[in-house]
Each structure stands twice: as C-alpha cells, then as structure tokens.
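Participant: Can you look at this prediction? I've put the sequence above it.
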Amino acid sequence: MDEFQALLQAIQRLFNIQCNNYKEDYIKRRLASRMNSRHIATYKEYREFLLQNKDEHEALKNALTINVTKFFRDPPVYDCLRSEIIPPILREKKKLRLWSAGCSSGEEPYSYAIMLHDMTTIIKDVDWMIIATDIDETILKKAKEGIYEKSALEFVTESQLRRHFRHRDDGRYEIKPHIREKVKFQHHDLMSGVPVSRYLDIISCRNVTIYFSDKQKNDLVRMIHQGLNPGGFYVMGMSEFLSREVEHLFSPYRPLQKIFVRKDTA
Ligand SMILES: C[S@@+](CC[C@H](N)C(=O)[O-])C[C@H]1O[C@@H](n2cnc3c(N)ncnc32)[C@H](O)[C@@H]1O
C-alpha cells in the first residue's frame, strides 16, 4: 500500500467515513493545505502526526468539509417547507416529527426549530419535536452547546436573531432555551437504521453522503423510506440524488429543492 492509501485508511478509521468513492484529487488538494500549514512534506509524516495529535482532527475534518453547515443553508428549501409542506401537516395532524439526520454542529435542526416555533405562534396547539443525530460525538457536543460565530448566521434575519439568540459578551451568539429544548440530540450512525420510533413526517438528511459508497447511499434511502409516515417528506442535499435502484421509493415533490415525497410501494 502506498503512503497516500495508508493515510486515507487512517482518516477513514478515525472519522468513520468512506473516502473510496471520492475524487482522489479533491482529497489530495485538501490534504495539501493541512500539510502546508503544519510544515509537513510527506503523507507518511502527516499520517503519524494525525495519529498522535488530536488537535489536528478538527482542522482536517474542516478541510475535508466533513462538518460544514450553516443556519438556513439553501434558503429556498426552507421557504418551500415553510410555505407549502409544513402548514398542512400542522393544521391537519396537529403534530409534527422532524428528524435532522447528520445534523453536524446543530445549525440545521435549530433552523427547523426556529421556523416551527414561529409557525406555531400562528397555527396553534401543535405538538412538534425535532430529533437531531450525528455520528460524530465531538460535533454533537458543540451542537448541544448551541453557541455560534456570526458567520454561521448569514441567512438568519435580524428579527430571528433578536428573538432566538443571546448575544454573548465574547461576541458569539447563543441559541435561547425555548429553541434549544425543542431539539433532542442523539448519537447515531446512519448505517445502523432508524434511531427513533418511526412515523416521522419529515426527514432532512442533507450533505451527509459525500463519503458514502453507492451501496451505503442506497441503504440510507431505504432506511429513510421506512422511517417516514405515508406521504412523508425526504429533504436531500442540493448535490445529492436518488439512484435508479431506489428512485421508485419516492416521487419528486420539488425537485429543484431536492424535496421528495414517500411512495407507499414497499
Ligand atoms: C457536511 S455535514 C452536513 C450538516 C447539515 N446536514 C447540512 O446540510 O448543513 C455532514 C454531517 O454528516 C455526519 N455523518 C457522516 N456520516 C454519518 C453517519 N454514518 N451517520 C451519521 N452522521 C454521519 C458528519 O459527522 C457531519 O456532521
């Protein structure tokens, strides 16, 4: 095995990801930037450094964009959920369960919580809850803390910022308790099945499959199908798609926003 492959294996084991399917050039370019900043010249040396220095894990994860996220990432997706998908669920069922799968540092589930909080001040008496899961324990800890730099809040409106965040003395923004308590964070590996009782109305699993093999991607789509209520919605990442093997499980609802609706076929 060459030095690059040995490093790749170490990264896969450390971060529990599957890089095989990913373009080698992409990974090499990002590794080069980390190696430069540590003044390391060879993959072998970097592998040893990585294994001995936990500090480097976070930096490499960021460089590989493993945890990259934002509040209200891809705003048209949230607009569609807010204006078309969620109101009928709230009105008819008076209950909504949403799962943010691969939630990273919490920006995605908290965005849904902010949206639902504001909607349920108009459509009242609704029992709603958000389940948020990730495989990465370190990032989940950050998610539970709910403290963010201004840069994560680009798509948060002034009014949302005022009502749902506390501006801290250190300049960062902390999510307020009325939003935080609506999100239940759990550690969970998407390869191990549905983490919660089924009957979910919406599963948001976005930008998670970048390092998955084709088989893992298809297994994930089948699991999401099983987890959803009849007529439930699956929200994917903008650069993700349904392969031929699993496309019969969902109908496109808003293809441009990558929102699909569950079909009843087994
Ligand atoms: C790029 S972030 C996406 C965050 C958010 N969904 C978004 O779109 O902004 C991908 C997240 O998926 C998580 N992840 C990757 N593989 C996973 C797995 N097998 N099970 C659960 N989470 C996983 C990573 O730890 C990371 O936090």
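Facilitator: Nice, thanks for sending it over.
Participant: for the ligand, what are the nearby residues on the stretch 1-150 of the chain?
Facilitator: Contacts of the stretch 1-150 of the chain with the ligand, taken as CB under 6 Å from any ligand atom, map to 66-69, 73, 102-104, 108, 134-136, 139. C-beta coordinates here come from the backbone N, C-alpha and C atoms, glycine included.
Participant: Tell me which stretches of the stretch 101-250 of the chain form strands.
Facilitator: Secondary structure of the stretch 101-250 of the chain by DSSP state E, counting those that start in this stretch: the strands cover 127-134, 147-148, 165-167, 173-175, 183-187, 200-205, 228-236, 250-254.
Participant: Who are the packing partners of the fourth one?
Facilitator: Contact analysis of strand 173-175 by 3 or more CB pairs under 8 Å, 6 or more residues apart in numbering; DSSP states H and E lists strand 147-148, strand 165-167 as its packing neighbours.
Participant: Can you tell me which of those strands is nearest to residue 119?
Facilitator: Closest of the helices and strands packed on strand 173-175 to residue 119 is strand 165-167, at 18.3 Å (criterion: CB to CB).
Participant: and the closest one, what's its mean pLDDT?
Facilitator: Confidence over strand 165-167 (mean pLDDT, whole number) is 98.
Participant: Quick one: low-confidence residue ranges for the protein.
Facilitator: 20-22, 196-197, 266 (pLDDT under 70).
Participant: What residue spans form the domains of it?
Facilitator: 3-63, 75-262 (automatic domain parsing).
Participant: end to end, how far does the first one reach?
Facilitator: Here the two ends of domain 3-63 are set 20 Å apart, with distance taken as CA to CA, to the nearest Å.
Participant: Number the chain from 450, please
Facilitator: Will do, 450 is the new start, and the previous item becomes domain 452-512.
Participant: Can you list the residue ranges for helices in the stretch 550-699 of the chain?
Facilitator: Listed in chain order, the helices of the stretch 550-699 of the chain (DSSP state H, counting those that start in this stretch) span 556-568, 586-594, 607-613, 626-629, 663-676.
Participant: Buried residues of the third one, list them for me.
Facilitator: In this case it means helix 607-613. 609, 610, 613 (16 or more other CB atoms under 10 Å).
Participant: Same check on the last one?
Facilitator: Applying a neighbour-count criterion of 16+ other CB under 10 Å, one finds 666, 667, 668, 669, 670, 672, 673, 674, 676 buried in helix 663-676.
Participant: what's the angle between it and strand 699-703?
Facilitator: Using axes from the mean of the first three to the mean of the last three CA atoms, to 10 degrees, the direction of helix 663-676 lies 80 degrees away from that of strand 699-703.
Participant: go on, the first one?
Facilitator: Using the same axes, to 10 degrees, the direction of helix 556-568 lies 60 degrees away from that of strand 699-703.
Participant: Determine how far stretch 577-584 lies from the middle of the whole chain.
Facilitator: Mean-position distance between stretch 577-584 and its chain equals 10 Å (CA atoms, centre = their mean, to the nearest Å).
Participant: isn't residue 492 right up against residue 453?
Facilitator: Yes. The pair residue 492 / residue 453 is scored as a contact, 5.0 Å apart, by CB atoms under 8 Å.
Participant: is stretch 623-633 up against the ligand anywhere?
Facilitator: No. Shown here: stretch 623-633 not in contact with the ligand (CB under 6 Å from any ligand atom), separated by at least 13.3 Å.
Participant: what's in contact with that stretch?
Facilitator: 549, 555, 558-559, 562-563, 565-566, 577-581, 595-597, 612-615, 617 (CB atoms under 8 Å, 6 or more residues apart in numbering).
Participant: and it, which residues are buried?
Facilitator: 623, 624, 628, 629, 631, 632.
Participant: Extract the C-alpha trace of that stretch and format it as PDB.
Facilitator: Extracted C-alpha coordinates of stretch 623-633, given in PDB (Å, rounded to 0.1, in the frame of the first residue of the first chain):
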ATOM      1  CA  GLU A 623     -26.100  31.500  21.800                       C
ATOM      2  CA  ILE A 624     -29.400  29.800  20.900                       C
ATOM      3  CA  LYS A 625     -32.100  30.600  23.500                       C
ATOM      4  CA  PRO A 626     -33.600  27.800  25.700                       C
ATOM      5  CA  HIS A 627     -37.100  27.900  24.100                       C
ATOM      6  CA  ILE A 628     -35.500  26.800  20.800                       C
ATOM      7  CA  ARG A 629     -32.800  24.500  22.300                       C
ATOM      8  CA  GLU A 630     -35.300  22.500  24.300                       C
ATOM      9  CA  LYS A 631     -37.300  21.500  21.200                       C
ATOM     10  CA  VAL A 632     -34.300  19.700  19.700                       C
ATOM     11  CA  LYS A 633     -33.300  16.200  21.000                       C
END
